[in-house]
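Engineer: Attaching a predicted model along with its sequence, questions to come.
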Amino acid sequence: MSKVTLGKALNLGLRKALEDDPKVLIMGEDVGRLGGVFRVTDGLQKDFGEDRVIDTPLAESGIIGTAVGLAMRGYRPICEIQFDGFVFPGFDQIVNQVAKLRYRSQGRVPMPIVIRIPFGGGIGAVEHHSESPETYFAHTAGLKVVACSNPTDAYWMIQQAVSSDDPIVFFEPKRRYHEKADLDEEANPYPLHAARVLRSGGDVTVLTWGPSVKTCMDAADAAREDGHEVELIDLRSLSPMDLDPVYASVERTGRLVVVHESPRTASLSAEVSALVTERCFYHLEAPVQRVTGFDVPYPPARVEDGFLPDLDRVLAAVDHTFEF
C-alpha cells in the first residue's frame, strides 16, 4: 500500500487496462505527448505507442463518433474530454449513438466506451472549465454514470468501467487530482455501481459524490464537535443509483442531507429526495435538505467560493434537520 494522488491512481488504472487488453485505446486532446492537461495519461503514449494512446484534433464530436466506430469493431476506447464544459459538442453523439446502439441492436452491438470527464469547480478556472454536467447523462437512458472521489476508487473504478460492455461516463473530481491517500492495488475492488458508507453515525445521513466527498467529511468532523454523529455515504454510481444503503441509513437516522456542486433544479438530489421520501416517509424526522450549486451559470473564479457547497453550508443544513 502506498500514498498516491487521485490523478496518479487513474494513470495506474489506465496503464493496467492497457496492459491487460490490447483492444483498449485512449484517445483525446493532448492525451499523448503532453500526457493530458492534468497529466493523468502521462507516459502512456511513450510506453504503449501512438496507435493506442492517440492525440486527436480539438473536436469532441469527432472523438466520440470515432469511438463508436471503434467499439463496433471490437475495441474498447477510452475518450478523454479535456474539461467538463467541452463535452457538449459531443453531446449529440453520446445521447443519440453511444447511449442507444446496444439497446437498438438488442445487445448484439456492445458499446464498451468510457468517456472520462474532469468535472466540478474549485480550481480558479475560466468559463466552461468548472461545470458539473452529471445530471444530463444520468438522465439519459442507456448510459451508466460513475464518479470517483479517492485514489483507491479511481484505480479500480476506471478498470471496471473499461471492462464493461455498456458505455460509461466516468466523472473525475478535478480539484482532487493532486490530493494523496492510500492506494491498495491488491485489495478486492468494491462493486462499480454500489454506494459506500464512508463513516458511520446515528444522527443524520449525508449523501454526496465526487469532489464534495472531502467537503462532507470535513463537515462530519465539525458536526461531531457539535454533538451530531454524521453517517456519510459516497453515492459513487450516479446511474444506476444504489440507494439501499441510503434507505437503511435514513431509517435509522431519520434525517438526510444531499450535497453536490451542480445546480439545484431537476438535479440528482431532487430524484434522491423523491425516492427517499417515497420509501422512508414514516421514518423521516425532517424534510430532506439539499446543499447544491445555484441555478445560475458557473460564476467567475473570483466568486466561485460563494457558489460551491462548503463546510458552513453543509453544517447549516445538518443543523436545520434538527429544528423539526
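Structural biologist: In hand now; what should we look at?

Engineer: Work out the gap between the longest strand along the chain and the centre of the chain.
Structural biologist: Ordering each strand of the chain by length in residues (DSSP state E) puts strand 256-263 first. Centroid separation for strand 256-263 versus its chain: 13 Å, with C-alpha atoms, centre = their mean, to the nearest Å.

Engineer: pLDDT on that strand, on average?
Structural biologist: For strand 256-263, mean pLDDT rounds to 98.

Engineer: Where do the helices of the chain begin and end?
Structural biologist: If DSSP state H is used as the criterion, the helices of the chain fall at 6-20, 44-48, 60-72, 91-93, 101-104, 134-138, 151-163, 212-225, 244-253, 268-280, 311-321.

Engineer: Got the domain ranges for the chain?
Structural biologist: 2-183, 196-321 (automatic domain parsing).

Engineer: just the helices of the chain: most buried one?
Structural biologist: helix 151-163 (a mean of 24; mean count of other C-beta atoms under 10 Å). Where C-beta positions appear, they are placed from N, C-alpha and C, glycine not excepted.

Engineer: what helices or strands is that one leaning on?
Structural biologist: helix 6-20, strand 76-80, strand 114-119, strand 168-173, strand 180-183 (3 or more C-beta pairs under 8 Å, 6 or more residues apart in numbering; DSSP states H and E).

Engineer: any chance of the ones you listed in a markdown table, with distance to Val246 and mean pLDDT too?
Structural biologist: Shown next, in a markdown table, are those (distance: least, C-beta to C-beta, whole Å; pLDDT from 0 to 100):
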| stretch | distance to Val246 | mean pLDDT |
| --- | --- | --- |
| helix 6-20 | 24 | 98 |
| strand 76-80 | 30 | 98 |
| strand 114-119 | 22 | 98 |
| strand 168-173 | 19 | 98 |
| strand 180-183 | 24 | 92 |
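
Engineer: I'd like the helices of the chain as JSON lines, with distance to Phe170 appended.
Structural biologist: As requested, these are exported to JSON lines (distance: least, C-beta to C-beta, whole Å):
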{"stretch": "helix 6-20", "distance to Phe170": "9"}
{"stretch": "helix 44-48", "distance to Phe170": "16"}
{"stretch": "helix 60-72", "distance to Phe170": "13"}
{"stretch": "helix 91-93", "distance to Phe170": "16"}
{"stretch": "helix 101-104", "distance to Phe170": "17"}
{"stretch": "helix 134-138", "distance to Phe170": "10"}
{"stretch": "helix 151-163", "distance to Phe170": "5"}
{"stretch": "helix 212-225", "distance to Phe170": "16"}
{"stretch": "helix 244-253", "distance to Phe170": "21"}
{"stretch": "helix 268-280", "distance to Phe170": "16"}
{"stretch": "helix 311-321", "distance to Phe170": "25"}
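
Engineer: Pro189 is nearest to which of these?
Structural biologist: Comparing the helices of the chain against Pro189 with C-beta to C-beta, the closest turns out to be helix 151-163 (3.7 Å).

Engineer: The closest one - what's its average pLDDT?
Structural biologist: 97.

Engineer: how far off helix 212-225 does that helix point, in degrees?
Structural biologist: 150 degrees (axes from the mean of the first three to the mean of the last three C-alpha atoms, to 10 degrees).

Engineer: what angle separates helix 151-163 from helix 6-20?
Structural biologist: 30 degrees.

Engineer: coming back round to it: please name whichever of the helices and strands packed on helix 151-163 is nearest to Thr66.
Structural biologist: With C-beta to C-beta as the yardstick, what comes closest out of the helices and strands packed on helix 151-163 is strand 76-80 (7.7 Å).

Engineer: quick one: that closest one to chain centroid distance?
Structural biologist: 16 Å.

Engineer: Relative to that strand, what are the paired strands and their orientations?
Structural biologist: Paired neighbours of strand 76-80 in the sheet (DSSP bridges): strand 24-28 (parallel), strand 114-119 (parallel).

Engineer: Pick the most deeply packed of the ones you listed.
Structural biologist: Comparing the strands paired with strand 76-80 by mean count of other C-beta under 10 Å gives strand 114-119 as most buried, with a mean of 26.

Engineer: got the strands paired with strand 76-80 as JSON lines, with distance to Asp153 columns?
Structural biologist: Formatted as JSON lines, those follow (distance: least, C-beta to C-beta, whole Å):
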{"stretch": "strand 24-28", "distance to Asp153": "20"}
{"stretch": "strand 114-119", "distance to Asp153": "14"}
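
Engineer: that older thread, would you mind putting the domains of the chain into CSV with distance to Pro189 alongside?
Structural biologist: Formatted as CSV, the domains of the chain follow (distance: least, C-beta to C-beta, whole Å):
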stretch, distance to Pro189
domain 2-183, 4
domain 196-321, 12
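
Engineer: re earlier: pull the CA coordinates from the longest strand of the chain and hand them back as PDB.
Structural biologist: C-alpha atoms of strand 256-263 as PDB (Å, rounded to 0.1, in the frame of the first residue of the first chain):
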ATOM      1  CA  LEU A 256     -30.900  13.200   5.100                       C
ATOM      2  CA  VAL A 257     -28.800  16.000   3.600                       C
ATOM      3  CA  VAL A 258     -27.700  15.600  -0.100                       C
ATOM      4  CA  VAL A 259     -24.700  17.600  -1.300                       C
ATOM      5  CA  HIS A 260     -23.500  18.300  -4.800                       C
ATOM      6  CA  GLU A 261     -22.000  21.100  -6.900                       C
ATOM      7  CA  SER A 262     -24.400  21.000  -9.900                       C
ATOM      8  CA  PRO A 263     -27.400  23.400  -9.900                       C
END
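
Engineer: Lovely, talk soon.
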